[in-house]
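**Q** What follows is a predicted protein model with its sequence.
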Amino acid sequence: MEKKNCLECEDPLKGRTDKKFCSDYCRNSFNNKVNKESKNLVRNINNRLKKNYKILSELNVSGKTKVSRTKLYDKGFDFQLFTSIYQTKTGNNYFYIYNEGYLLLENDTYLLIKKEI
């Protein structure tokens with residue numbers, strides 16, 4: 001019978017024949033290395049979405065506010081990231097980050113709105 005070694009530390013395995021790791025530590029360490037790239041991407045995007053959400057929340061205390069594009073940029077808002085788009089019957093596009101949204105008006109002014117959940 002062939003002896004198997006732990007995929008992480010290479011120590012010989014004891015116990016079940018389908019066992020791949022000698023301990024939970026080795027299993028977690030191995031999986032963290034394998035998934036590192038995809039986890040970093042998701043973490044970075046989530047952090048940028050949180051930042052956008054925080055900016056909209058701070059500027060839109062009343063639930064409906066007008067603000068300039070410059071003010072959003074100055075606070076570090078990223079217009080490339082949002083979680084959903086709502087298109088009205090008239091063709092206006094509301095961009096949402098979770099329940100905080102914005103609509104481009106005239107002259108680089110944005111209407112900030114909060115969708116009640």
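**A** Here it is on my side, so go on.

**Q** okay, and for the chain, where does confidence drop off?
**A** 1 (pLDDT under 70).

**Q** need the strands for it, in chain order.
**A** In the chain, the strands defined using DSSP state E lie at 64-68, 84-87, 93-97, 100-104, 109-114.

**Q** which one of these is the most hemmed in?
**A** Highest mean neighbour count among these (mean count of other CB atoms under 10 Å): strand 100-104, with a mean of 20. In short, each C-beta sits where N, CA and C put it, glycine included.

**Q** Tell me the strands beside it, with direction?
**A** Here strand 100-104 has these sheet partners by DSSP bridges: strand 93-97 (antiparallel), strand 109-114 (antiparallel).

**Q** So for residue 39, which of the strands of the chain sits nearest?
**A** Nearest to residue 39 among the strands of the chain is strand 93-97 (21.3 Å), distances taken as CB to CB.

**Q** Residues in contact with that closest one: which ones?
**A** Residues outside strand 93-97 that contact it (CB atoms under 8 Å, 6 or more residues apart in numbering) are 49, 52-53, 56, 79, 81-88, 101-104, 113, 115.

**Q** how distant is it from the center of its chain?
**A** On the basis of CA atoms, centre = their mean, to the nearest Å, strand 93-97 sits 16 Å off its chain's mean C-alpha point.
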